[in-house]
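Colleague: Coordinates for the following, if possible.
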Amino acid sequence: MNENQANQPVPSPEETTPCPPCGPGKDFRTTIGGQALLEGILMRGPKRQAIVVRKPDGALEIRNEELKLIKDRYPILGVPFIRGVVNFLDSMVKGIQALMWSAEFYPEDGEPEEPSRLEKWIEKRFGSEALFKWIIAIAMLAGLGFAIALFVILPTLVTSGFLYFVPDAPMWLRNLLEGILKLMIFFVYIVLCSRLKEIQRTFRYHGAEHKTIFCYERGLPLTVENARAMPRHHPRCGTSFLVVVIIIAVLASCVVFALPGVRDVAENPIIRILLHLVMLPVIVAVTYELNRFIGRHDNPVTRVLAAPGLWMQNFTTFEPDDSMLEVAIQALTLVLPEKAGEDAW
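Modeller: Residues are numbered from 1 along each chain as shown. All right, here's what the predicted structure looks like:
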């Protein structure tokens with residue numbers, strides 16, 4: 001398989017043969033995961049990453065490349081409670097790159113914008129590759145900044161403003177109100193996004209990704225017919241991860257901000273925001289390990305822990321059509337390991 005392939009035809013369900021090798025079936029959980037893009041899907045396997053986008057003319061554009069993980073160069077970054085933050089940032093960078101690549105096939109209407117002076121200067125001095133890296137870095141910082149503003153700064157300031165009129169309110173009440181506000185903001189944000197027409201199609205590709213992975217994990221041939229019958233809610237989804245991050249952040253705030261010595265300084269909203277930011281990498285690391293535990297086990301405790309994320313997927317995954325399932329099947333097939341079980345969770 002070449003590193004980059006274009007306009008690859010997708011066989012019809014009748015022509016599709018069982019994938020070699022499919023998952024062992026019952027109780028098999030794969031580490032393969034994906035991300036919905038603009039009219040496409042990114043899939044990451046143990047050794048390869050594939051991006052498949054359906055272009056406006058109906059043909060498929062494919063990028064299939066070997067994964068280069070930073071933990072392979074620095075093994076310490078792959079140990080528990082460090083790997084969570086590293087994998088989160090790595091997935092974010094690769095996800096933005098894939099999203100920008102998929103958007104190239106669906107340009108906005110109207111005349112293309114003239115590059116800014118800064119863009120021209122960077123491209124002239126360092127080349128187009130450096131310009132692309134700058135754009136990725138700016139997009140990543142903007143995304144993180146938006147998330148911090150929406151889910152850290154805004155709840156803290158709103159709660160502080162409300163409790164300004166109740167100066168004797170206990171710390172536990174402040175923590176509770178702030179936590180409820182974070183969950184409400186996240187829920188409203190997701191619901192509003194799910195109502196946008198363009199986002200709805202992306203969420204349908206999200207559903208196609210889940211259905212295809214379920215089909216593979218159950219050891220069934222990767223056909224549109226088999227994938228169509230699978231559930232669209234998956235316990236090892238990024239939506240579930242974000243929900244658990246917020247819940248862990250709320251619980252951590254209740255514990256840390258109640259400690260002697262922290263309780264008094266946490267009354268100051270600026271210090272409180274800084275403490276939230278300091279705690280964030282730890283929360284991401286803990287959540288990552290917790291999600292791995294939940295994904296590896298199936299019992300009443302893990303089902304309860306997974307329930308909020310699965311429920312939230314009602315708003316982030318929609319039923320795909322057959323063409324979307326074809327894209328997901330193509331992407332998944334390209335990243336399957338050569339040796340069966342090599343991708344076991």
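Colleague: hang on, V53 in a helix?
Modeller: No: using DSSP: H, G, I helix; E, B strand; the rest coil, the secondary structure at V53 is strand, not a helix.
Colleague: residues near the residue nearest to it when sequence neighbours are not counted, how many?
Modeller: Distances taken as CB to CB, 6 or more residues apart in numbering put G40 closest to V53, at 3.3 Å, once the chain neighbours are dropped. Every residue, glycine included, has its C-beta placed from N, CA and C. The number of residues packed near G40 is 30, by other CB atoms under 10 Å.
Colleague: Next: G95.
Modeller: 19.
Colleague: distance of it from W101?
Modeller: 11 Å (CB to CB, to the nearest Å).
Colleague: Please apply the same query to F28.
Modeller: Remark: distance between F28 and W101 (CB to CB) = 31 Å.
Colleague: Name the SS class of A50, please.
Modeller: strand.
Colleague: Can you verify my assumption that it contacts A328?
Modeller: No: under the criterion of CB atoms under 8 Å, A50 lies out of contact with A328, with a separation of 10.6 Å.
Colleague: intersection of neighbour lists for the two?
Modeller: M43 (CB atoms under 8 Å, 6 or more residues apart in numbering).
Colleague: Which one's more surrounded, those two?
Modeller: A328 (29 against 24).
Colleague: And the pLDDT at that one?
Modeller: Looking at A328, its pLDDT reads 97.
Colleague: so which strand or helix has it?
Modeller: helix 322-335 (DSSP states H and E).
Colleague: residues in contact with that helix?
Modeller: Identification of contacts with helix 322-335 by CB under 8 Å, 6+ apart yields 1, 8, 10, 13, 16, 19, 32, 34, 40-45, 47-54, 60, 62, 64, 204-205, 207-209, 211-213, 216, 222-224, 227-228, 320.
Colleague: Distance from the chain centre to the helix or strand encompassing V255, please.
Modeller: Taking DSSP H and E as the criterion, the element that holds V255 is helix 238-256. A distance of 16 Å separates the centroid of the chain from that of helix 238-256, by CA atoms, centre = their mean, to the nearest Å.
Colleague: who touches it?
Modeller: Here helix 238-256 makes contact (CB under 8 Å, 6+ apart) with 33, 35, 151, 172, 175-176, 178-179, 182-183, 186, 190, 262, 275-276, 279-280, 282-284, 286-288, 290-291, 305-306, 308-310, 312-313, 316-317.
Colleague: likewise stretch 263-281?
Modeller: Contacts for stretch 263-281 (CB under 8 Å, 6+ apart): 85, 148, 152-153, 156-157, 160, 171, 249, 252-253, 256-257, 262.
Colleague: Restrict those residues to the buried ones and give me that as a PyMOL selection.
Modeller: What follows is the PyMOL syntax selecting those of those that are buried according to 16 or more other CB atoms under 10 Å:
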select buried, resi 85+152+153+156+160+171+249+252+253+256+257
